[in-house]
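Predicted coordinates and the sequence they were generated for:
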Amino acid sequence: MTSSPQMATVSPVPSIASAEEGLRLLRAMKLIRAFEEQVRNLSAAGVIPGLVHLCAGQEAVAVGVCSLLRADDMIASNHRGHGHCLAKGGDVGRLLAEIMGRRTGYGLGRGGSLHIFDAANGNLGTTGIVGGGIPLATGAALSAKRQARGQVTAAFFGDGALNQGLLFEVMNMAAIWRLPVLFVCENNGFGEFTAIEDVTAGADPLARGQAFGIPSETVDGMDVLAVRMAAQTAIERAREGNGPSFLVCKTYRYGGHHAGDKQDYKDAEEAKAWRLKDPIERLSRLLKESGLASEAAIAALTQEIDREVRAVVDLAKVTPLPADDDFEAHLYA
């Protein structure tokens, strides 16, 4: 049994500064949700090769952090990284094309969702290696510090990476060198099909960061404003030269480990309880209750995003597959 959703926060929830800010955050989360639903449908229809790992339910973490990053700041993602890519400014069409194996994708359709690299938006890549983005982001932070570029990097990883030795090595280096990196653990309670408490020793994951003197905080990962507030403090600390931070964002993936996972290992009542904390619905309610957005405005936003994503899907379906010459492009001997 995973942790109760009622235990997901220790941070106060900030207010929304403006209607513009609130709608921008809502749009970003809705875009990720709509994109993931289309990817799920395409996978079920056999249009997408291989497995896909979806992040529906976890949108608040990606959006909360990336909404505060500059264009030249960097992120490193994981296997469940579509949301991170989009939140950091990735192109919806190129992302879907890559997932579908089309030549207009980020890697000419050769890499799929586990190998998205978007230099223009500071995305160092998604990866199928558990915790593989952690040293990548920290190395980028070291480079940024040595060259005095003022950039911050964020490493997104799941709770399964809490048990990877490289996390401890990298946190140690980031702490002693005071690197401008933000370690963001998306704790959704499961590593593949196994509950976190069955494989992770220690009463609190925060101890991973605290052991190295890294400021560490547990955050309600189902609340984009709570994530944003915690991330703002961490990003400011990093940019001022005060070193890394560690956020454990308690969240929940609505789907399984991959799109075809039946999720027999999940408790049905617990899943329903997490659904009541849906990050998109929570922000929508807050916007309406605060008088910052009407029901009609939110509905129009939803329709706009649905049209945008459907148009991208239609285009990707008729986009050509990689050509023979593409296999030798962008390779180095």
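Nice, I can see it.

how close does the closest residue to N163 other than its chain neighbours sit to H115?
Excluding its sequence neighbours, the residue lying closest to N163 (CB to CB, 6 or more residues apart in numbering) is T200, at 6.0 Å. Heads up, the C-betas are built off the backbone N, CA and C, glycines and all. Taking CB to CB, to the nearest Å as the measure, T200 falls 28 Å from H115.

swap in D223?
With CB to CB as the criterion, D223 and H115 are 31 Å apart.

These two: which has the busier surroundings?
D223 (26 against 15; other CB atoms under 10 Å).

Quick check: which ranges of this protein have low pLDDT?
1-14, 190-193, 195-196, 198-199, 261, 263, 333 (pLDDT under 70).

tell me the secondary structure for the residue nearest to N163?
Per DSSP: H, G, I helix; E, B strand; the rest coil, the secondary structure class of T200 is coil.

so it sits right up against D159, yeah?
Yes: contact status for T200 versus D159: in contact at 6.9 Å, counting by CB atoms under 8 Å.

If you count surrounding residues, which of the two has more?
D159 (23 against 16).

Now that one. Nearest residue, chain neighbours left out?
Spatial nearest neighbour of D159, chain neighbours left out: N187 (4.3 Å); criterion: CB to CB, 6+ apart.

Which strand residues bridge the one you found?
K250 (DSSP bridges).

quick one: it from T218, how far?
Counting by CB to CB - N187 and T218 are separated by 9 Å.

list residues touching both of those two?
Contact with both N187 and T218 is made by residues 248, 250, according to CB atoms under 8 Å, 6 or more residues apart in numbering.

of those two, who's got more company?
Per other CB under 10 Å, whichever of N187 and T218 has more neighbours is N187, with 27 against 21.

these two touch, right, the more buried one and G158?
Yes: counting by CB under 8 Å, N187 touches G158, with 7.5 Å between them.

any residues in contact with both of these two?
Joint contacts of N187 and G158 (CB under 8 Å, 6+ apart) do not exist.

Please list all residues in contact with G107.
With CB under 8 Å, 6+ apart, G107 has these contacts: 98, 115-117.

tell me the SS of it?
coil.

Distance check, it against L114.
10 Å.

Show the subsequent helix or strand relative to the lengthiest helix in the chain.
Scanning the chain for the helix with the most residues, using DSSP state H, yields helix 19-44. The helix or strand immediately downstream of helix 19-44 is helix 59-66, counting by DSSP states H and E.

which helices and strands sit right next to that next one?
For helix 59-66, the elements it packs on are helix 19-44, helix 82-87, strand 153-158, strand 181-187, helix 224-239, strand 245-250, helix 279-289, judged by 3 or more CB pairs under 8 Å, 6 or more residues apart in numbering; DSSP states H and E.

can you list these in TSV and add distance to D73?
Below are the helices and strands packed on helix 59-66 laid out as TSV (distance: least, CB to CB, whole Å):
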stretch	distance to D73
helix 19-44	16
helix 82-87	12
strand 153-158	7
strand 181-187	10
helix 224-239	8
strand 245-250	14
helix 279-289	22
